[in-house]
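Participant: Below are the sequence and a predicted model; questions follow.
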Amino acid sequence: MNRDNYDLPLTTASDRAAAYYRDGVDCMLSAWNGAGDAFDRAIAEDPGFALPYVVRARIHQMNMEIAEARAKAAQARQLMAAASPRERRHVEIMAATIEGQPMAALSGAEQHLEEHPRDALILSLLLGAFGLYAFSGRADHDAAKLAVCQRHASHYGEDWWFLTYLGWSHTEAGEANIGRTLTERAFPMRPANANAAHGLSHALFEQGEAETGRAFLSSWLTTHEQGSFLHGHLCWHVALTAIEAGDPDAALDIYQRQIRPTGSPYPPLNVFTDTASLLWRLSLAGVPGLEPHRREVAAYGERFFPQAGAHFADVHYALVASTTNPEGLQARLAQMEARAAGGKLAPGEGAIGLCRGVQAFAEGDHERAVRILEPLMPELARIGGSHAQRELWEDTFIVACLRAGHGGKAAQLISGRLHRRPSGRDASWLQEARPAAHS
């Protein structure tokens, strides 16, 4: 019998279909291009093999090709009768994710992993900055990711993918030293592993080693030029290190050459959130002339996220709409309020508050921005994403405090961040905050 990368049986008599499927899974788990083609080849070799259909559907979903995703998931469902019980549950969990049933997928994945802990694609759904835990609305999703990895660690040993995500989970749970060590251990096992490059970038960020992160990524990206669908996001990380180094013009250059949305081949949620957030950070850093870029990003957002739904996209929508389309932002806020009233906004009212705080900031009402954002700072984790992504709203709150004369509030937050890791930018903000705090 054919087996997958983790020695789980596959219901296909075609060795070639199984081999293509294994190649596709490796690409998926390493965030590498080629997964879609591999699954298409597996399907061509054995049209009755259910698993490549549903994972191909997942790639369509990530690329916001919703009709294609649902069609492939439906095909997988139709083929489940010939599959094993493990494969049937695998298809059901993947399909629930694709069909907009995240909580069913989450609970199904947790139960499934108790019986099949080495079903790595199912475990991967729970993990990462955009995984089911991260977007569940839970404030403790970082701890949940680490806990599920530790629960099943004995089944993986020195596996390159598992070490990558165990390291990432430690980093996001506040244990960057452990996370870095584990990620560095995973790298030699599969150098073409964008998830490992990403995890190491976060560990270096959390350790305050921006220059080390910049040197590492600049070298790695040269060797693996556009080989990963995380390429644009990793360039975003390089841009963050430039801002930290006090060189926002270099960050803008990276944005223009490698991150801007026009013609970007990367997953739309990555592209939209990266571009919207980087332009906002550049504005906080005092870079002028960003309006043409914001209009471009706004048009991209309207294309892929025209209505409220994906809450992480919605809170980033506010970053561009607050300056380019205030009326559109009001409409989006009304939609988010309707979703909240219907219990469909996972982070709850806090996500709406973050949008309103950004709106107040964009309007120059820094006092109101402080008033709105201050109570939301402890709840930021509920929107999901990574700590590095969520820090944008902390930065906005800090700058609003400085401009509104609330140096003490700014200093309290900055001091906590500096206690966790060194930052030249935070140190500069703290110097600015302290005189205001004592005035």
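Facilitator: Arrived safely, thanks for sending.
Participant: Helix, strand, or coil at Tyr6?
Facilitator: coil (DSSP: H, G, I helix; E, B strand; the rest coil).
Participant: Remind me which helix or strand Pro288 belongs to.
Facilitator: Here Pro288 is covered by no helix or strand, with elements defined by DSSP states H and E.
Participant: can you pull the contacts of the nearest residue to Gln61 once chain neighbours are set aside?
Facilitator: Excluding its sequence neighbours, the residue lying closest to Gln61 (CB to CB, 6 or more residues apart in numbering) is Ala69, at 4.1 Å. C-beta coordinates here come from the backbone N, C-alpha and C atoms, glycine included. Contact analysis of Ala69 by CB atoms under 8 Å, 6 or more residues apart in numbering lists 57-58, 60-61, 98.
Participant: Which of these fall in strands?
Facilitator: Applying DSSP state E to those, no entry is found in strands.
Participant: Pick the one among these closest to Leu354.
Facilitator: For these, the closest approach to Leu354 (CB to CB) belongs to Gln61, at 25.1 Å.
Participant: and the gap between the residue nearest to Gln61 and Ile59?
Facilitator: Using CB to CB, to the nearest Å, one gets 8 Å for the distance from Ala69 to Ile59.
Participant: Equivalent analysis for Ala245, please.
Facilitator: On the measure of CB to CB, Ala245 and Ile59 end up 36 Å apart.
Participant: Who has more neighbours out of these two?
Facilitator: Ile59 (22 against 15; other CB atoms under 10 Å).
Participant: show me what contacts the residue nearest to that one when sequence neighbours are not counted?
Facilitator: If the residues on either side of it in the chain are set aside, Ile59 comes closest to Gly36, at 4.9 Å by CB to CB, 6+ apart. Residues near Gly36 by CB under 8 Å, 6+ apart: 24, 56, 59.
Participant: run the last query once more with 10 Å
Facilitator: Gly36 sits next to 24, 27-28, 55-56, 58-60, 62-63, 229 when contact means CB atoms under 10 Å, 6 or more residues apart in numbering.
Participant: So which of those is the closest to Leu200?
Facilitator: Nearest to Leu200 among those, with distances taken as CB to CB, is Phe229, at 17.6 Å.
Participant: from what I can see that closest one touches Pro268, true?
Facilitator: No. Judged on CB atoms under 10 Å, Phe229 makes no contact with Pro268 at a distance of 11.2 Å.
Participant: How many residues are close by Thr273?
Facilitator: If we define neighbours as other CB under 10 Å, then Thr273 has 26 of them.
Participant: May I ask which helix or strand encompasses it?
Facilitator: helix 268-284.
Participant: Same check on Asn195?
Facilitator: Using DSSP H and E, Asn195 falls in helix 194-206.
Participant: measure the residue lying closest to Asn325 once chain neighbours are set aside to Val271 for me?
Facilitator: Leaving aside its chain neighbours, Asn325 sits nearest to Ala298 (6.0 Å; criterion: CB to CB, 6+ apart). Taking CB to CB as the measure, Ala298 falls 13 Å from Val271.
Participant: List the residues that are in contact with both of these two.
Facilitator: With CB under 10 Å, 6+ apart as the test, Ala298 and Val271 both reach Pro261.
Participant: Now find how far off-centre stretch 93-104 is within its chain.
Facilitator: 18 Å (CA atoms, centre = their mean, to the nearest Å).
Participant: And that stretch, what's buried?
Facilitator: Judged by neighbour count (16 or more other CB atoms under 10 Å), stretch 93-104 contains these buried residues: 93-99, 102.
Participant: and what of stretch 300-310?
Facilitator: So stretch 300-310, judged by 16+ other CB under 10 Å, has buried residues 300-301, 304-305, 308, 310.
Participant: Export only the CA atoms of that stretch, formatted as PDB.
Facilitator: Provided in PDB are the C-alpha atoms of stretch 300-310 (Å, rounded to 0.1, in the frame of the first residue of the first chain):
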ATOM      1  CA  TYR A 300      -6.600  45.500  -4.300                       C
ATOM      2  CA  GLY A 301      -8.500  45.200  -1.100                       C
ATOM      3  CA  GLU A 302     -11.800  46.100  -2.800                       C
ATOM      4  CA  ARG A 303     -11.100  43.400  -5.400                       C
ATOM      5  CA  PHE A 304     -10.400  40.500  -3.000                       C
ATOM      6  CA  PHE A 305     -12.100  41.600   0.200                       C
ATOM      7  CA  PRO A 306     -15.100  43.700  -0.900                       C
ATOM      8  CA  GLN A 307     -17.300  42.800   2.100                       C
ATOM      9  CA  ALA A 308     -16.700  42.200   5.800                       C
ATOM     10  CA  GLY A 309     -15.900  38.600   6.600                       C
ATOM     11  CA  ALA A 310     -12.300  37.800   7.000                       C
END
